[in-house]
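Novice: Just need the structure, nothing else, for what follows:
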Amino acid sequence: MEDKPKSKLLRLRKKHGDGRGLTVTAADGERLVRAQSLRNATVASLVIIIVFCVLWIWLSALTNRVFPWMTVMLGAMLGLAVRRAGRGVDWRFPTLAAAMALAGSIASNVVLGASTTAASYDTGLLEILRAVTVMTWPVFFDEVWTVAHGFFAVVAAGLAAFLANRRLTRAQFYALRKWREQSDGHQ
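Specialist: Okay, here's the model as predicted:
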């Protein structure tokens, strides 16, 4: 006769596992920590900012309108890029994503303003950017940068920070927790 456990008549079939605990170790958590790359996350976010500036200039030229809420899209793109490239599991990656979203919001607005100015003066974008001086910044922040731009930049930073950390499975989270408990015990 088989040693098959008797099934209980009124119990539903288990679909989520066999009932055994997770078989992960602190070494698995250490592998997750070692897989992080702040350098890759930084490079990916810089590439995203450049691509976003080009896309925003193209869309604004195509529609002949400026959409300040586009920086929220920048925040989402940055958060996902930092998650994918950085594979981060600690606080540094959301912080990097939020800082890059704020900096990218300002930089993309500057580049968009320069592109609009270049089109009106029938000159190149790089010529306008090279002509920026210390006297240009107060004018930019008085006339171009509005409260809406600041609000959307902060929302973009929050969204980027929210999306930046790697999404872990239950086993990965448990392994990371075991590694942190082990490393805290050794200090």
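Novice: Can you point out the buried residues in the top helix by length along the chain?
Specialist: Ranked by residue count, the top helix of the chain under DSSP state H comes out as helix 92-121. Of the residues in helix 92-121, those with enough neighbours to count as buried (16 or more other C-beta atoms under 10 Å) are 92-94, 96-98, 100-118. The C-beta positions use only the backbone N, C-alpha and C, and glycine is treated the same way.
Novice: Counting by contacts, list what that helix packs against.
Specialist: In this structure, helix 92-121 packs against helix 38-63, helix 70-86, helix 125-130, helix 147-164, with contacts taken as 3 or more C-beta pairs under 8 Å, 6 or more residues apart in numbering; DSSP states H and E.
Novice: Mean neighbour count, these: which tops it?
Specialist: Of all the helices and strands packed on helix 92-121, helix 70-86 carries the top mean neighbour count, a mean of 23, counting by mean count of other C-beta atoms under 10 Å.
Novice: Outside of stretch 74-85 itself, list whatever touches it.
Specialist: 37, 40-41, 43-45, 47-49, 52, 88, 93, 96-97, 100-101, 104-105, 108, 155-167 (C-beta atoms under 8 Å, 6 or more residues apart in numbering).
Novice: If we use 7 Å, what do you get?
Specialist: In this structure, residues lying in contact with stretch 74-85 by C-beta atoms under 7 Å, 6 or more residues apart in numbering are 40-41, 44-45, 48, 52, 93, 96-97, 100-101, 104-105, 108, 155-157, 159-166.
Novice: Give me the nearest residue to the residue most central in space within the chain, chain neighbours excluded.
Specialist: For the chain, residue 79 is the residue whose C-alpha lies nearest the centre (C-alpha atoms, centre = their mean; 1.2 Å). Nearest residue to residue 79, sequence neighbours excluded (C-beta to C-beta, 6 or more residues apart in numbering): residue 163, at 2.8 Å.
Novice: how near is the one you found to residue 75?
Specialist: According to C-beta to C-beta, to the nearest Å, residue 163 and residue 75 sit 8 Å apart.
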